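Q: what's the 3D shape of this:
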Amino acid sequence: MDTNWSPNLSSFDGPKYKALAAALRDGVQQGALPPGMKVPPVRDLAYTLGITPGTVARAYSILTDAGVLEATVGRGTFVAGARAVREPDPIEIDSAPHGSEGREATLVSPALPNMGQTGLIKRLMAEVAEDPPSGLMHYPSRAAFRPARDAVIGWLAGTPLGPVGQEDVVLSHGGQNGICLALQSVLSGPRPVVLIEELAYPGFRRAAELMRAEVVTVPMDGEGIIPEALEEIARNRGAQLLCTSPEVQNPTNTFTPEPRRRAIAEVCLRLGVQIIEDDCYRMGLSGAATYRKIVPDIGWYISSVSKTITPALRIGFVIAPRGQAPVLRRAAEHGFFGIATPLADLTAKLLVHPDLGRINLAIGQEMARYIGCMGKVLGPRGLVWRPEVPFGWLMLPDGWRASAYCQAAASAGIRIRSAEDFAPRDANTPHAVRIAVNAQMRLEDFEAAMLTLRSLLDNPPERIGV
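A: Numbering: from 1, shown residues only. Model prediction:
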């Protein structure tokens, strides 16, 4: 590319990767970038424009799939020759959700609808099989996985993470494996102490126990962890780490606003407690700065594609705090060398594919129909729910214990989770249940399940049969 040509991204609307794609397309159409011209490597253009490599990689991928650019293995990316530019492939949506008549309604974990992601994944898997960029005869390597890490950075564009580069990212086998990697990177000593919310994602506890850590719970209120309680417990117990989910607290659906996050971060920074933030359940935009941005030296960020694309691929990622990427990489390399090379190649293609944005929008819209149905039926009965969160938290009325309510729901063919699943064995748990959205059911069947749960609420044991 002629060094005299430089795009002005401020002239284009939307995210930076879309702005860059539009600028490159205009350059081609106006003749500033003639056919056959080689465009600069991703990292070079990113440095020139002051943007992330993932942003450039995503723009290149969009234009390559559209036929504006041509990528040649081992040579680079070039402006395509004079030929028609194809339109993006249509989204291939599979058949309607399966009926559940006569079958159990499983509302234990969220289930995404297939809005074209399976078709896209199949096509990309075929591309990887035909020409695997990382090869099929080598161990995983940092160099080979760089396109995947760049793709993760692009995928997370808009998430308030603070300064982050591909060197800070490690790919994991889903979010749970990412939590284990972060724990391995931080914990030391024979019996380290890990703090979690008093009701928390069970994976935090299981991962900490796997590391032979002592797990201590911290009280919460309507905005999440109470900073004063955190300070007292962390100081008295010598805690090394806090695990939390401030965007979508699992299971209570609590959101922790930024002022509360900053108060929590201040306590942790003062006491030398590092923070693992699990952001796997967020389906929309971030509501506040991540802990990695607020306290970049102690904030670990973990997410995955399980709640936004599919849980089947087990694609997760960990972003280390500033200066701690080497210890994170060592934990992954010493533990399992790295994810399989074809999976890394698939990640690199999937997360920057131009169809993925449309598919995610369709997934969100379809999930919103089910979430709205759940809120309409159970919201008046005290359900805590949000339009962009794929589960609700239901406090039970007098007369119901959580275990008894779950058993009654199971007898009616509906599986849900008790509050006891999210608390230590010796905890005094509330009488509440978590109800996950299953968008692989027909909407009318899902609504019928919600109506059944409502009917049970209105008929606690002492009133049944009266």
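Q: now S141, nearest residue through space, not along the chain?
A: In this structure, S141 finds its nearest non-sequential neighbour in G338, 7.4 Å apart by C-beta to C-beta, 6 or more residues apart in numbering. Just so you know, the C-beta spots here come from the backbone N, C-alpha and C atoms, and that holds for glycine as well.
Q: and that neighbour, its phi and psi?
A: Backbone dihedrals for G338, given as degrees, to the nearest 10, come out at phi 140, psi 160.
Q: same check, this time on I302
A: Torsion angles at I302 (phi, psi; degrees, to the nearest 10) stand at phi -130, psi 130.
Q: before we move on, back to that, thought the residue nearest to S141 was touching R149?
A: No: with contact defined as C-beta atoms under 8 Å, G338 does not reach R149; the gap is 11.2 Å.
Q: the more surrounded of those two?
A: R149 (25 against 20; other C-beta atoms under 10 Å).
Q: which SSE is that one in?
A: helix 146-155 (DSSP states H and E).
Q: give the rounded mean pLDDT of stretch 213-222.
A: Confidence over stretch 213-222, taken as the mean pLDDT, stands at 96.
Q: which of the three states applies to the residue lying closest to V128 once chain neighbours are set aside?
A: Ranked by C-beta to C-beta, 6+ apart and with sequence neighbours excluded, the top spatial neighbour of V128 is D345, at 4.7 Å. Here D345 takes the helix state, with states given by DSSP: H, G, I helix; E, B strand; the rest coil.
Q: after the helix holding R149, which helix or strand is next?
A: Helices and strands here follow DSSP H and E; after helix 146-155, the next one along the chain is strand 169-173.
Q: give me the buried positions along that following strand.
A: Within strand 169-173, the residues scored as buried using 16 or more other C-beta atoms under 10 Å are 169-173.
Q: return it as CSV; C-alpha atoms alone will do.
A: The C-alpha trace of strand 169-173 is given here as CSV (Å, rounded to 0.1, in the frame of the first residue of the first chain):
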residue,chain,number,x,y,z
VAL,A,169,-4.8,-13.2,25.8
VAL,A,170,-4.8,-16.9,26.5
LEU,A,171,-7.3,-19.3,24.8
SER,A,172,-9.0,-21.8,27.1
HIS,A,173,-11.4,-24.7,26.9
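Q: who does that strand touch, helix- and strand-wise?
A: Using 3 or more C-beta pairs under 8 Å, 6 or more residues apart in numbering; DSSP states H and E as the contact test, the elements touching strand 169-173 are helix 146-155, helix 174-186, strand 315-319, helix 325-336.
Q: got a list of contacts for the last one?
A: Think helix 325-336. Helix 325-336 is touched from outside by 142, 167-168, 170-173, 181-182, 184-185, 318, 320, 338, with contacts defined as C-beta atoms under 8 Å, 6 or more residues apart in numbering.
Q: make TSV out of these and add pLDDT and distance to D278.
A: Converted to TSV, the contacts of helix 325-336 look like this (pLDDT from 0 to 100; distance: C-beta to C-beta, whole Å):
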residue	pLDDT	distance to D278
R142	89	25
E167	94	22
D168	96	17
V170	97	15
L171	97	16
S172	97	12
H173	96	15
L181	97	12
A182	97	9
Q184	97	16
S185	97	15
V318	98	10
A320	97	15
G338	92	22
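Q: now the helices for the stretch 301-450 of the chain?
A: Secondary structure of the stretch 301-450 of the chain (DSSP state H, counting those that start in this stretch): helices at 325-336, 341-350, 354-378, 402-411, 443-457.
Q: highest average neighbour count across those helices?
A: Burial among the helices of the stretch 301-450 of the chain, expressed as mean neighbours by mean count of other C-beta atoms under 10 Å, is greatest for helix 341-350, which shows a mean of 23.
Q: next, the angle from that helix to helix 354-378.
A: Calculated by axes from the mean of the first three to the mean of the last three C-alpha atoms, to 10 degrees, helix 341-350 forms an angle of 80 degrees with helix 354-378.
Q: list of residues touching helix 341-350?
A: With contact meaning C-beta under 8 Å, 6+ apart, helix 341-350 is reached by 61, 120-121, 124-125, 127-129, 132-136, 138, 140, 144-145, 147-148, 150-152, 171, 309, 313-315, 338, 356.
Q: now list the buried members of those residues.
A: Among the contacts of helix 341-350, those that count as buried by neighbour count (16+ other C-beta under 10 Å) are 61, 120-121, 124-125, 128, 132-134, 140, 144-145, 147-148, 150-152, 171, 309, 313-315, 338, 356.
Q: which one of the helices and strands packed on strand 169-173 lies closest to P227?
A: Evaluated with C-beta to C-beta, these place helix 174-186 nearest to P227, the distance being 20.7 Å.
Q: can you list contacts of the closest one?
A: Contact with helix 174-186 is made by 170, 172, 194, 203-204, 207-208, 210-211, 213, 240-241, 243, 274, 276, 278, 280, 300, 302-304, 306, 311, 314-318, 320, 324, 327-328, 330-332, 335, as judged by C-beta under 8 Å, 6+ apart.
Q: pull out the buried residues from stretch 217-234.
A: Residues of stretch 217-234 classed as buried by neighbour count (16+ other C-beta under 10 Å): 217-218, 220, 223-227, 229-231, 233-234.
Q: ok, now stretch 283-300?
A: Residues 283, 286-296, 298-300 are the ones in stretch 283-300 that count as buried (16+ other C-beta under 10 Å).
Q: what two of those residues have the greatest distance between them?
A: M283 and I298 (26.8 Å).
Q: confidence score at the residue nearest to V128?
A: Looking at D345, its pLDDT reads 95.
Q: and it, how close does it get to S185?
A: 26 Å (C-beta to C-beta, to the nearest Å).
Q: just A265 next, same as before
A: Remark: distance between A265 and S185 (C-beta to C-beta) = 19 Å.
Q: if we can go back for a sec, of the helices of the stretch 301-450 of the chain, which is nearest T254?
A: If you check each of the helices of the stretch 301-450 of the chain against T254 by C-beta to C-beta, helix 354-378 wins as the nearest, at 16.3 Å.
Q: the closest one: how far from the chain's middle?
A: The chain centroid and the centroid of helix 354-378 are separated by 16 Å, computed with C-alpha atoms, centre = their mean, to the nearest Å.
Q: repeat that for stretch 129-139.
A: In terms of C-alpha atoms, centre = their mean, the centre of stretch 129-139 is found 27 Å from the chain centre.
Q: likewise stretch 15-25?
A: 25 Å.
Q: what is the neighbour count of A23?
A: Look at A23: counted by other C-beta under 10 Å, it has 20 neighbours.
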